[in-house]
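Chemist: Curious how this folds, go ahead:
(chains A and B)
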Amino acid sequence: MDVLSVIFSQLLIGLYRGSIYWLIAAGLTLIFGVLRVVNFAQATLLVLGGYTAYAIYQATSNWVLALVMTPLLVGAIGLAIEVTLLKPIYKIDNTYQLLMTFAVVLILNDVTKVIWGKAPVSIPLPDMLKGSVKLSGFNISLYILIVILIGFLIFISVIYIINRTMWGLRVRAIWRKREIAEALGIKTTTLYSAVFFLGSLFSGLGGALMAMFSPMVPGLGDYLIVYAFIVTVIAGLGNLLGAYISSIIIGVLESVFTYYLPEIDLLLIYLIMAVVLLIKPQGIFGER
Amino acid sequence: MNWRVKQPETVLLFSVYILTALLPLTSDPYYIYLGALFMIISLFSISYNILFGNAGLLSFGHALFFAGGAYTYALFTINVLKDPLLGLFVSILISLLLSLVIGVLTLRHTKIYFSMLTLAFGMLFYALLIKWRDITGGSDGLSGLSRSGILINLSNPVARYYFIFLVFLVTSLFLYYIHRSQLGLLIKSLGVNEDYLPYTGHSVFKIRMLANVIAGTVAGTAGSLYAILNGAVTPDLAYWTTNAEPLVAALIGGPKYFVGPLLGSLIYVAITAYAAKIADLWQFVLGTILVALILGSRGGLIELVRRIWKRS
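Modeler: Now for the predicted structure:
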């Protein structure tokens, strides 16, 4: 029983981590699929979201407001970045767009450090969410459950929007062949901005959710983005279904490794990434 | 290969040699340190630019070779034999082997897959340095490295400076020679259009591998010099963000020119020296420079100067 409950709680922590990775990977995948840009700033935007949520909570002591406002604010910041920095360079080599998002990482890292300092900050978990749920003898933290649920809901809605709506059809058209989509009268530049807004919004949501559970520190984004890369690389760049599944897998594997093999946990995660890339560069689920 | 003085790049290169050779005359220990740092960053950036600016490969794992060279020096002088010269030679040898192995594993992929794969191996190496605490010292790294030994003694900062200068001189001349040789042209053709390269009868993989081995070995050499200069190594050297250093230096100067990364490193080190006061804004400054260069002048400063030159 004891061993079982340990495994179960590690599994849940893994699902929580995986859900956070997914919220980064979702934006990364959408933006890569549509814009063909690998957005290095995706996790930095999540950290910015965590700090933004913290600031809103500090000012209003209202965590619901923080949770609702943060994604919109970070989405708006992402949109501003896309319009001012990326739009002028879409016509040139992809490498420069990647470098531009890297420059954004460097700038945002220091901006958050200057505004909020180097010390870790977090939002205290509201009493309402502190409880736990009993499920066939196991205690599950309510908050972890909520984060996992939100991650799953985002997954379902993204899949629905992309596969079932008119807007999603336009996105898929660009995804498949940009020139033809343009020839059919789809406004690619507006769609690019919309997708970048959506991707940043997911990051903002992830940041706000994470800030209530684990502290934000400067440079956290540099660390998280590597995990998001591992996830998207294993999934296959631009594959949403694969990104969700591999986020969960990596999250769970990471928490299992950290618990049972703390001496080599980091090594194993990077090894998995390297091996998948070597054997199947298009990812396990294939590129879309 | 010709050494025509008319070639502006040759003139610039030799001006840098003369200036760095004369720098210790200032007898200011801080400037001597910065000068040595400049030469090390230069080698690191020029080697990075062989892949980035010439072969068109964006690597996020080049720091692996730099850290590899630095740690080889540290481990060799601690565990095997105390001597800077032998330490340097062993580092160069290990870097050569390391770049061969990593090259075999990563070079079959291009574009974003190459970038991701080099990132994976770079971080794998970082994780190894962090986790193998007994040997590597974990996150503290290794310090108090020996700079004197049976063959040479580099305890004196000026002696250390000229040792680094000598390695810098020989290595950069070698790289300049390659840059202007047929091999250099072949490497550059990879960046322009690698589909056409096989028509010349050369194998794309082989040229890419040669570029990678040269770049990796020189980065390892620079890393070894870094260990000699600072007397300490830390695992941060292998962290993926370390790749920003040579990347930004190459972009500042101009990735299409041999002396581009060299000039970029000069500006980079100069900013570092002044930014000591604003250390918290260091990344901000770098990022802003990157944004300005990408939007304004993708050819770097050299391209900017040439554009202004032509207009007047």
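Chemist: Skip the chain neighbours and tell me the closest residue to residue B:123.
Modeler: residue A:270 (4.8 Å; C-beta to C-beta, 6 or more residues apart in numbering or on different chains). Heads up, the C-betas are built off the backbone N, CA and C, glycines and all.
Chemist: Same question for residue A:115.
Modeler: Nearest residue to residue A:115 in three dimensions, chain neighbours excluded: residue A:51, at 7.2 Å (C-beta to C-beta, 6+ apart).
Chemist: Find the helix or strand that the residue nearest to residue B:123 is a member of.
Modeler: Per DSSP states H and E, residue A:270 falls inside helix A:265-279.
Chemist: now do residue A:91
Modeler: Per DSSP H and E, there is no helix or strand for residue A:91.
Chemist: Extract the residue ranges of chain A that are flagged as low pLDDT.
Modeler: A:1, A:136, A:287-288 (pLDDT under 70).
Chemist: Which neighbouring elements make contact with the helix or strand encompassing residue B:303?
Modeler: Using DSSP H and E, residue B:303 maps to helix B:300-311. On a contact count with 3 or more C-beta pairs under 8 Å, 6 or more residues apart in numbering or on different chains; DSSP states H and E, helix B:300-311 meets helix B:244-253, helix B:260-275.
Chemist: gap between it and the chain center?
Modeler: In terms of C-alpha atoms, centre = their mean, to the nearest Å, the centre of helix B:300-311 is found 25 Å from the chain centre.
Chemist: List the buried residues for it?
Modeler: B:300-303 (16 or more other C-beta atoms under 10 Å in any protein chain shown).
Chemist: quick revisit: could you look over the helices and strands packed on helix B:300-311 and pick the most buried one?
Modeler: Most buried of the helices and strands packed on helix B:300-311 by mean neighbour count (mean count of other C-beta atoms under 10 Å in any protein chain shown) is helix B:244-253; its value is a mean of 27.
Chemist: helices or strands up against it?
Modeler: helix A:94-116, helix B:29-49, helix B:260-275, helix B:282-296, helix B:300-311.
Chemist: Please render those as JSON lines that adds distance to residue B:82 to the earlier fields.
Modeler: Shown next, in JSON lines, are the helices and strands packed on helix B:244-253 (distance: least, C-beta to C-beta, whole Å):
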{"stretch": "helix A:94-116", "distance to residue B:82": "39"}
{"stretch": "helix B:29-49", "distance to residue B:82": "21"}
{"stretch": "helix B:260-275", "distance to residue B:82": "29"}
{"stretch": "helix B:282-296", "distance to residue B:82": "34"}
{"stretch": "helix B:300-311", "distance to residue B:82": "41"}
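Chemist: Go through those helices and name the closest to residue A:260.
Modeler: helix A:94-116 (32.6 Å; C-beta to C-beta).
Chemist: Setting the sequence-adjacent residues aside, check what's closest to whatever residue of the stretch 151-300 of chain B ends up closest to chain A.
Modeler: Residue nearest to chain A within the stretch 151-300 of chain B: residue B:287 (3.3 Å; C-beta to the nearest C-beta). Spatial nearest neighbour of residue B:287, chain neighbours left out: residue A:106 (3.3 Å); criterion: C-beta to C-beta, 6+ apart.
Chemist: The one you found and residue B:244 touch, don't they?
Modeler: Yes: counting by C-beta atoms under 8 Å, residue A:106 touches residue B:244, with 6.9 Å between them.
Chemist: joint contacts of these two?
Modeler: residue B:286 (C-beta atoms under 8 Å, 6 or more residues apart in numbering or on different chains).
Chemist: now the helices and strands packed on helix B:300-311 in TSV, with distance to residue A:17?
Modeler: Shown next, in TSV, are the helices and strands packed on helix B:300-311 (distance: least, C-beta to C-beta, whole Å):
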stretch	distance to residue A:17
helix B:244-253	27
helix B:260-275	35
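Chemist: Just the residues contacting the host helix or strand of residue B:173, thanks.
Modeler: Taking DSSP H and E as the criterion, residue B:173 maps to helix B:157-179. With contact meaning C-beta under 8 Å, 6+ apart, helix B:157-179 is reached by B:1, B:10, B:13, B:17, B:20-21, B:23-24, B:29, B:32-33, B:35-36, B:39-40, B:42-43, B:46-47, B:50, B:54, B:84, B:88, B:147, B:152-154, B:184, B:214, B:218, B:221, B:225, B:228-229, B:258, B:262.
Chemist: which SS class is residue A:118?
Modeler: coil (DSSP: H, G, I helix; E, B strand; the rest coil).
Chemist: Count the residues that sit near the closest residue to residue A:268 other than its chain neighbours.
Modeler: Nearest non-adjacent residue to residue A:268, counting by C-beta to C-beta, 6+ apart: residue A:257, 5.2 Å away. Applying other C-beta atoms under 10 Å in any protein chain shown, we find 20 residues neighbouring residue A:257.
Chemist: what's the nearest residue to residue A:204 if we skip its chain neighbours?
Modeler: residue A:74 (2.8 Å).
Chemist: give me the number of residues near the one you found?
Modeler: Quick note: residue A:74 (other C-beta under 10 Å) scores 28 neighbours.
Chemist: Assess the claim that it and residue A:52 are in contact.
Modeler: Yes: contact criterion C-beta under 8 Å: residue A:74 and residue A:52 qualify, at 6.3 Å.
Chemist: okay, and the common contacts of the two?
Modeler: Common neighbours of residue A:74 and residue A:52 (C-beta under 8 Å, 6+ apart) are A:204, A:207.
Chemist: quick one: the helix holding residue B:303 to helix B:282-296, angle?
Modeler: 40 degrees (axes from the mean of the first three to the mean of the last three C-alpha atoms, to 10 degrees).
Chemist: For helix B:300-311, which outside residues touch it?
Modeler: Under C-beta under 8 Å, 6+ apart, the answer for helix B:300-311 is B:250-257, B:259-260, B:263-264, B:267, B:293, B:296-297, B:299.
Chemist: Can you give me the neighbour number for the one residue in chain A that gets nearest to chain B?
Modeler: Here chain A gets closest to chain B at one residue, residue A:106, 3.3 Å apart by C-beta to the nearest C-beta. Using other C-beta under 10 Å, residue A:106 has 26 neighbouring residues.
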